[in-house]
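**Student:** Here is the input, now give the coordinates:
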Amino acid sequence: MSKEKVDMEKPQGAGVDLNDAEMARAKEGVLTEEQQKIIESFDREQSVRRLISPVMSKIFYCACIAVSLYHFAISSSLIDPPLTLVHRSLHVAMMLALGFVLYPFGKKGSYKKISWCDWIFIALSFTAPLYIWADYLGVVERAGMPNSNDILIATILVIVVLEGSRRMTGLVLPVLALIFIAYGLFGRGLPGMFGHRGYTWVQLSNHFFANTEGIYGTSVSVAASYIFLFILFGTVMSKSGMGAFFNDLAMALAGHYKGGPAKVAVISSAMFGSINGSAVANVVTAGAFTIPLMKKTGYSKIFAGAVEACASVGGQALPPVMGAAAFIMAEMINVSYSVIIVHAAIPALLYYLGVIIQVHLRAVKLGLVGLPKDRLPQVMTVLKAKGHLLIPIALLLYLLLFSGYTVVLSAVITIVGTIVIAGLRKDTRMSFKDICDAFADGAKQTVPVAMACACVGIIIGVVSKTGFGLTMANAIISMGQESLLFTLFFSMITCMVLGMGVPSIPAYIITATIAAPALAKLGIPVLAAHLFSFYYAMFANLTPPVCLAAFAAAGLAGGDPMRTGFASVKLALAGFIVPFMFIYSPELMLIDTTWLEGIRVVIGACIGVLLIGVAVEGFLLTKANWFVRIVAMISAFGLIDSGLWTDLAGMAGLAVVVAVQYFLFKREKGQAPAA
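**Tutor:** Residues are numbered from 1 along each chain as shown. Prediction:
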């Protein structure tokens, strides 16, 4: 296909084309004003106030630093932590207060100053922690038999959490929380298995407020410790120039190959996404540089946006950090972090292999070339200049896997180590202001995720009170008629629906509570069930109609958002199948297997991913007809099961695909294909 044909495929919409100076700044993660406006129009989390009052701006900046220092000091044991309920309530209050400053009441609200309404919500945010601090023993002892003051404070807490979540994450999560509250209040009248004994507002509100099973439950605990610290780690790494380093390293490694800019996007976004953990934020920081680069080399706007969206989303499943998901999973299923990253590694690499294969086949099919080598950095030059920035990641892995330190203390040591190690070179050395900026940014970036986790606490509170999780698990199994395949399918749909418009971490917490038990009841290993739930909660960021990562990428690329979403699903198709692979072949997760068996299954899975790419792109050595594409897809599915006969059938299909493609290629070109 010619470049003119590619251009004709581009949808209307200018996107953002950058000059050389802007490209250099984009590589550092600095957005142009036009890029920032586009991102704000698609991503609510990016649409925040810029206070015009210098005094208020400085006060807010100092407040953000103070919030980060509080969490850092608690985690490092520099100060004695307060009682659990006091600490978690204070964390929620601080996040609410920062959020009501950052996010106006609505689109018509002021983006330059704090309104009187916001001040009221800020004051109400601190009523719960002050009340708990003043009468801690009374609150705990009255749990289950609250007085009128308890009910009033609990009601205020629910209102401010719902409002904060609405402002900071959008309508989806608070509406879902309200539906669950209604279910808790009126579920007595529901027919069949979903009916329950029914609860009053007094019972529900006290459950949300006075214990660690509601708003101040596991999700807030994780947000106040792991999530906050690893977001802070990400902002410190960004200030040290890690984003630019990943981009330069990816450019040096893959920029000169066919479709080089797209491969650069996949590699750099995978590396940074593992640390930063936010799909949309990763699209913003990495996509600002990679999307214009892909467009310049001939990729359509739709495909360029889809590549960045898929690459950014997958980072959350990629060890070593997995965007803090690994730590939440460890907390929920009571296994060590090291066990999770070992079992999660191969599925994540298969996902990225699938994306890289499609990117490569698309580039060959369209005749796209890489970037000139003389315009690209050299690997050794990049490593000499900024290779020391890999030391903090190695330090984190050592501390987590071999030192015996807790996850929280390991994160604290790594943050300090990053600042020290970055100071070894002038180009990466952080000034005192850079460090302060990183701590301020850490608090601000945590706000929407922390609010989502607090709102999820309402949902989890109703689930634990009513037994909805077990009921839903039985319903999923019933719909699947106790068939593993159908149960997996319905679990997948449940996870993606519940994850729409919700940040990946709270989406995983919801889906793990509702869908994972259904899989575990069918004998699937608990870790595999949770990882299955996490993958599809994560993929909700790519799946229309609500695909936030794809929408953000479409904004930067100038493509149609919905078409970009569907292109993202197509590009990530192998990733959608990978969870089925590791359920049917637990050897892919290195569960209860020998190394020899694991290697056999991994090789089969890699071939299956290749065949999926051939089927989707319709190309291997030359254009593939419908027969080859069908054979390729059927063969790929044969390789999902780890059985010997299905693997042999898949390999036979591969032989047919390669033979037909080789014959057609020779007939078209009159020569054998180059190795």
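**Student:** in the stretch 1-150 of the chain, which spans are helices?
**Tutor:** Ranges of helices within the stretch 1-150 of the chain are 3-9, 20-27, 33-42, 54-75, 84-102, 116-125, 127-134, 136-141, 148-169, based on DSSP state H, counting those that start in this stretch.
**Student:** Return the mean pLDDT over the shortest one, rounded to an integer.
**Tutor:** In this model, helix 136-141 has an average pLDDT of 89.
**Student:** where does this protein have low pLDDT?
**Tutor:** 1-46, 276-277, 480-482, 641-642, 670-675 (pLDDT under 70).
**Student:** quick one, longest helix in it?
**Tutor:** For the chain, the longest helix by residue count, based on DSSP state H, is helix 432-466.
**Student:** what comes up buried for it?
**Tutor:** Residues of helix 432-466 classed as buried: 434-466 (neighbour count, 16 or more other CB atoms under 10 Å). C-betas here are computed from N, CA, C, even on glycine.
**Student:** ditto for stretch 425-434
**Tutor:** Going by 16+ other CB under 10 Å, stretch 425-434 has these buried residues: 425, 428, 430, 434.
**Student:** quick one: which of those is nearest to Leu176?
**Tutor:** Lowest distance from Leu176 to the buried residues of stretch 425-434 (CB to CB) belongs to Asp434, with 38.8 Å.
**Student:** Does the closest one touch Gly241 like I think?
**Tutor:** No. In this structure Asp434 lies outside contact range of Gly241 using CB atoms under 8 Å: 10.1 Å.
**Student:** just checking, what packs against the next helix-or-strand element following the longest helix of the chain?
**Tutor:** Counting by DSSP states H and E, the next helix or strand C-terminal to helix 432-466 is helix 468-479. Helix 468-479 sits against helix 484-499, helix 504-514, helix 516-521, with contacts defined as 3 or more CB pairs under 8 Å, 6 or more residues apart in numbering; DSSP states H and E.
**Student:** Just the CA coordinates for the last one, please, in PDB.
**Tutor:** Spelled out, it's helix 516-521. Provided in PDB are the C-alpha atoms of helix 516-521 (Å, rounded to 0.1, in the frame of the first residue of the first chain):
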ATOM      1  CA  ALA A 516     -12.300 -13.900  40.600                       C
ATOM      2  CA  PRO A 517     -14.300 -16.000  43.100                       C
ATOM      3  CA  ALA A 518     -16.300 -17.500  40.200                       C
ATOM      4  CA  LEU A 519     -13.100 -18.700  38.500                       C
ATOM      5  CA  ALA A 520     -11.600 -20.000  41.800                       C
ATOM      6  CA  LYS A 521     -14.800 -22.100  42.400                       C
END
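**Student:** Check which helices and strands it sits against.
**Tutor:** Contact here means 3+ CB pairs under 8 Å, 6+ apart; on that basis helix 516-521 packs against helix 468-479, helix 484-499, helix 526-539.
**Student:** For Ala659, find the nearest of those.
**Tutor:** Of all the helices and strands packed on helix 516-521, helix 484-499 sits nearest to Ala659, with 30.8 Å by CB to CB.
**Student:** who touches that closest one?
**Tutor:** The contact list for helix 484-499, computed with CB atoms under 8 Å, 6 or more residues apart in numbering, reads 176, 472, 476-477, 479-480, 507-508, 510-511, 514-515, 518-519, 522, 524, 532-533, 535-541, 543, 579-580, 583.
**Student:** now swap in stretch 430-445 and tell me
**Tutor:** So stretch 430-445 is in contact with 48, 61, 64-65, 67-69, 72, 98, 102, 228, 231-232, 234-236, 238-240, 278, 281, 419, 422-423, going by CB under 8 Å, 6+ apart.
**Student:** Only whichever of these are buried, select them in ChimeraX.
**Tutor:** The buried residues among the contacts of stretch 430-445 can be selected in ChimeraX (16+ other CB under 10 Å) with this line:
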select :48,61,64,65,67,68,72,98,102,228,231,232,234,235,236,238,239,240,278,281,419,422
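**Student:** Wait, a strand at Pro392?
**Tutor:** No. Assessed with DSSP: H, G, I helix; E, B strand; the rest coil, Pro392 is helix; it does not lie in a strand.
**Student:** Please verify my assumption that it contacts Ile421.
**Tutor:** Yes. With contacts counted by CB under 8 Å, Pro392 reaches Ile421, the gap being 5.7 Å.
**Student:** Settle it for me: which of the two has more neighbours?
**Tutor:** With neighbours defined as other CB atoms under 10 Å, Pro392 and Ile421 compare such that Pro392 has more, 25 against 18.
**Student:** residues contacting that one?
**Tutor:** 237, 414, 417-418, 421.
**Student:** Identify the residue spatially nearest to Ala363, adjacent ones excluded.
**Tutor:** Excluding its sequence neighbours, the residue lying closest to Ala363 (CB to CB, 6 or more residues apart in numbering) is Gly259, at 2.7 Å.
**Student:** what's the distance between the one you found and Leu366?
**Tutor:** 8 Å (CB to CB, to the nearest Å).
**Student:** Count the residues that sit near Ala123.
**Tutor:** Ala123, neighbours per other CB under 10 Å, totals 12.
**Student:** For it, list the residues it contacts.
**Tutor:** Contacts of Ala123 by CB under 8 Å, 6+ apart: none found.
**Student:** Pick the most buried one from the helices and strands packed on helix 468-479.
**Tutor:** For the helices and strands packed on helix 468-479, the largest average neighbour count (mean count of other CB atoms under 10 Å) is found in helix 504-514, namely a mean of 27.
**Student:** centre of the chain versus that one, how much separation?
**Tutor:** Here helix 504-514 is found 12 Å from its chain centre; the criterion is CA atoms, centre = their mean, to the nearest Å.
**Student:** thinking again about what came up before, so which of the contacts of Pro392 are in helices?
**Tutor:** Using DSSP H, these in helices are 237, 414, 417-418, 421.
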